[in-house]
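S.K.: The sequence and its predicted three-dimensional model are supplied below.
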Number of protein chains: 2
Amino acid sequence: MHETDQQYLSRASLTKKRTRIQAEKEETILDAALEVFSTFGFRGATIDQIATRAGMTKPNLLYYFRRKRDIYLAVLRRTLDNWLTPLEALDSEGDPLSEIQAYINRKLEMSRDNPLASRLFALEILQGAPILSDVLTGQLKLLVDQKAAVIQRWVTTGRLAPIDPYHLIFMVWATTQHYADFETQIRALLGGTIADEGHYDAALSTLNTLFVNGIAPQSGP
Amino acid sequence: MHETDQQYLSRASLTKKRTRIQAEKEETILDAALEVFSTFGFRGATIDQIATRAGMTKPNLLYYFRRKRDIYLAVLRRTLDNWLTPLEALDSEGDPLSEIQAYINRKLEMSRDNPLASRLFALEILQGAPILSDVLTGQLKLLVDQKAAVIQRWVTTGRLAPIDPYHLIFMVWATTQHYADFETQIRALLGGTIADEGHYDAALSTLNTLFVNGIAPQSGP
DNA sequence: CAAAATCCTGACCAATTGGTCAACATTACG
DNA sequence: CGTAATGTTGACCAATTGGTCAGGATTTTG
């Protein structure tokens, strides 16, 4: 499915076979594009910037992706799965607190290991999600509705303190993605980022304190 | 201080006095500029867009602010105070839990009442804070260091659960600003924003549950 | 009311940028 | 090896955009 999707974007793939060079160059381009788009946004990025960072000329890059928008779309698609996976893994059969803790863990890891992807989506959504709006109201909404129902069940059966599942999910997103999206600010204030182990541990431990204490079922009658 | 600062930006203010028309037009321009910059970022915004939204021609706008960057700077400056005020109001003499609760309140109100300002700063910081970096390492760091020290004292004296003050502040920022910055996503998932009273109350109540339970001092052994 | 100051605009310019294309270079393959 | 397919590039184009300017319109002020 991804394979065929990409065929529509990368023009060079109107060739009979997907050649070795195509595979290599397209990946190089998308890597470079992720860096540039996640820093400057769609309009702020230029094809030349991406081409330079990918070590090729502009017309050469445009041989692989005919339009700027095609590059952008391809980067978003390639990154989308990574973005959704952590929530997908939330298991309705597991222990509520551990599940949510594990979810926070995965999200914070993603912010550390792939901050560019986080910033790419942040920029896209900040600007009104012109490209991703379908994903938001479709794929993402389905997933969130489903997982929110799981959390709601945990609350109803008393295995979690009463809390709105949607807003709980928002809080997890907000707090974890913050470390990627506002990295510049974090660095200015802490003198480092969560790429530094000490800061990572402090962030994780704060998250755990907050969420575990925050949503553990209240003991007592 | 603000007055004189602005003189450097708005060219028309090389006139002998600040005229009525200058005051009016400059405000109109900055309002329009906030809308446009907070949606498209600095590079994505065009002077024409701002001029159109301000109901004037491009050369006319450029009569008041000679360069695009001047408009951007002026908008950032005008909004900066609002951005810092909520944290400044955190009172070291108050009750820790109430103070933090009140802080969260103010921040969420700001996200509701001035989402454009929040998105403007978010875009600026996401892109590496090319303009604001001095503010981050200067004014903001001073303020945050000071308030973090206050919170640290609360922790040390056992009036707050042990938690890293910096990361606690980050969590407050993240969760409250999320509703402004990711409004598009919230709308896609909830069918509304915190401008709707129901959603606002749900968000606030979730925040309170999380933070109050999360950082209340653990009842004794 | 008239001169001075301020305000406004159409026309224009140079730089940037997305995208094309013909011609040449390289690679794959029978 | 030779030819067909694929890859690469300099030169170029049209649209967008930041910014200028001369001159006319309006407002302020004595």
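M.R.: Cool, got the structure.
S.K.: correct me, but residue A:34 touches residue A:79?
M.R.: Yes. Here residue A:34 lies in contact with residue A:79, judged by C-beta atoms under 8 Å, at a distance of 7.0 Å. Glycine gets a C-beta too; all of them are placed from N, C-alpha and C.
S.K.: Show the model's pLDDT score for the residue nearest to the spatial centre of chain A.
M.R.: Central residue of chain A (C-alpha atoms, centre = their mean): residue A:83, 3.5 Å from the mean position. Looking at residue A:83, its pLDDT is 91.
S.K.: The one 10 residues further on too?
M.R.: According to the predicted model, the pLDDT of residue A:93 comes to 97.
S.K.: Wait, a strand at it?
M.R.: No. Read with DSSP: H, G, I helix; E, B strand; the rest coil, residue A:93 is coil and lies in no strand.
S.K.: List the residues that contact it.
M.R.: If you count contacts by C-beta atoms under 8 Å, 6 or more residues apart in numbering or on different chains, residue A:93 has none.
S.K.: Buried by neighbour count: which residues of the longest helix seen in chain A qualify?
M.R.: If you go by DSSP state H, chain A has its longest helix at helix A:20-44. Buried residues in helix A:20-44, counted by 16 or more other C-beta atoms under 10 Å in any protein chain shown: A:22, A:25-26, A:28-42, A:44.
S.K.: and the nearest residue in space to residue A:92 that is not next to it in sequence, what helix or strand is that in?
M.R.: Excluding the flanking residues, the one nearest residue A:92 by C-beta to C-beta, 6 or more residues apart in numbering or on different chains is residue A:150, at 4.3 Å. Using DSSP states H and E, the element containing residue A:150 is helix A:141-156.
S.K.: Could you pull up the mean pLDDT of that helix?
M.R.: 98.
S.K.: what's the answer for stretch A:66-78, then?
M.R.: In the prediction, stretch A:66-78 has an average pLDDT of 97.
S.K.: Contacts (any at all) between DNA strand C and that stretch?
M.R.: Yes. On the criterion C-beta under 7 Å from any atom of the strand, stretch A:66-78 is in touch with DNA strand C at A:66, A:67, A:68, A:69.
S.K.: all helices of chain A, in order?
M.R.: A:2-9, A:20-44, A:47-53, A:58-64, A:68-88, A:96-113, A:115-126, A:133-135, A:141-156, A:165-181, A:183-190, A:197-215.
S.K.: now those in JSON lines, with distance to DNA strand D?
M.R.: Shown next, in JSON lines, are these (distance: least, C-beta to the nearest atom of the strand, whole Å):
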{"stretch": "helix A:2-9", "distance to DNA strand D": "13"}
{"stretch": "helix A:20-44", "distance to DNA strand D": "4"}
{"stretch": "helix A:47-53", "distance to DNA strand D": "9"}
{"stretch": "helix A:58-64", "distance to DNA strand D": "3"}
{"stretch": "helix A:68-88", "distance to DNA strand D": "13"}
{"stretch": "helix A:96-113", "distance to DNA strand D": "30"}
{"stretch": "helix A:115-126", "distance to DNA strand D": "17"}
{"stretch": "helix A:133-135", "distance to DNA strand D": "21"}
{"stretch": "helix A:141-156", "distance to DNA strand D": "32"}
{"stretch": "helix A:165-181", "distance to DNA strand D": "25"}
{"stretch": "helix A:183-190", "distance to DNA strand D": "23"}
{"stretch": "helix A:197-215", "distance to DNA strand D": "37"}
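S.K.: re earlier: look at the residue nearest to residue A:92 and say how many residues are nearby.
M.R.: When neighbours are defined as other C-beta atoms under 10 Å in any protein chain shown, residue A:150 has 16 of them.
S.K.: residues contacting it?
M.R.: Going by C-beta under 8 Å, 6+ apart, residue A:150 touches A:90, A:92, A:165.
S.K.: Can you give me the neighbour number for the first one?
M.R.: What that stands for is residue A:90. Counted with other C-beta under 10 Å, residue A:90 comes out at 20.
S.K.: thinking again about what came up before, check which residues of the helix holding residue A:150 are buried.
M.R.: A:141, A:144, A:147, A:148, A:150, A:151, A:152, A:154, A:155.
S.K.: go on, stretch A:202-221?
M.R.: Applying 16+ other C-beta under 10 Å to stretch A:202-221 flags A:202, A:203, A:204, A:206, A:207, A:209, A:210, A:211, A:212, A:213, A:214, A:215 as buried.
S.K.: From the chain's centroid, how far away is that stretch?
M.R.: 24 Å (C-alpha atoms, centre = their mean, to the nearest Å).
S.K.: next one: stretch A:106-123
M.R.: Its chain's C-alpha centre and that of stretch A:106-123 lie 5 Å apart, by C-alpha atoms, centre = their mean.
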